[in-house]
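Asks: please find the sequence and the predicted model below.
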Amino acid sequence: MAIKNNQVVSMQYELKVNGNLIESNLQADPIEFVFGSGDIVPGLETRIANMIEGETKEITVPAVEAYGNYDETLCEIVPISEFEGIDLQIGMILEAEGENGEVFKATVSDVTKEDVTVDYNHPLAGNDLDFKIVINKIV
């Protein structure tokens, strides 16, 4: 029987971007999530809807249905003085608290003597996601 909303799905997966392995639990315990609750990437959730227990499938989720297209306007140049005492490295992920107490992450994309460029896009924004999915159990 195909997956329905509010069912608990036990799933193993492998995620590749541009042929590079990003994450996998194929040799580990499956993840569990409630289908339809938004716990996984939206484009993946819609593409596994017709899968059944024991089924394996390769699925490509376009960037727009995953973490969105890359948005240049989500990059900001900040004076390096704002990062005093931090050993900044390109690729470093910084966490900060917004005005309303929400936590957000930014990736350091450039460091000069005067400025730091931070990127608020999700690290996988702008990338199609290639999954290998194994549905272990549907309850």
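Replies: Great, that's in hand.
Asks: contacts and neighbour counts: CA atoms only from here.
Replies: Fine.
Asks: list the buried residues for the helix or strand where Ser109 lies?
Replies: Assessed by DSSP states H and E, Ser109 sits inside strand 103-111. Of the residues in strand 103-111, those with enough neighbours to count as buried (16 or more other Cα atoms under 10 Å) are 105-109, 111.
Asks: which elements pack onto the helix or strand that Gly43 is a member of?
Replies: Here Gly43 sits within helix 42-48, counting by DSSP H and E. Contacting helix 42-48 under the criterion 3 or more Cα pairs under 8 Å, 6 or more residues apart in numbering; DSSP states H and E are the following elements: strand 56-61.
Asks: buried residues, the strand it packs on. List them.
Replies: Under the neighbour-count rule (16+ other Cα under 10 Å), strand 56-61 has 56, 59-61 buried.
Asks: by mean pLDDT, flag the weakest helix or strand of this structure.
Replies: Among the secondary structure pieces of the chain, namely its helices and strands, strand 93-97 has the lowest mean (mean pLDDT, DSSP states H and E), a mean of 89.
Asks: mind giving me the packing neighbours of that one?
Replies: Against strand 93-97 (3+ Cα pairs under 8 Å, 6+ apart) you get strand 103-111.
Asks: quick one: mean pLDDT for the strand it packs on?
Replies: For strand 103-111, the mean per-residue pLDDT is 94.
Asks: by contact count, what packs against it?
Replies: In terms of contacts (3+ Cα pairs under 8 Å, 6+ apart), strand 103-111 is packed against strand 93-97, strand 115-119.
Asks: so who does Val118 touch?
Replies: With contact taken as Cα atoms under 8 Å, 6 or more residues apart in numbering, Val118 is in contact with 75-78, 106-110.
Asks: also Ile133?
Replies: For Ile133, the contact set (Cα under 8 Å, 6+ apart) comprises 11-14, 56-59.
Asks: where does the closest residue to Ala28 other than its chain neighbours land in three-state SS?
Replies: For Ala28, ignoring the flanking residues on the chain, the nearest one in space by Cα to Cα, 6 or more residues apart in numbering is Gln12 at 8.0 Å. Assigned state for Gln12: strand (three-state reduction, DSSP: H, G, I helix; E, B strand; the rest coil).
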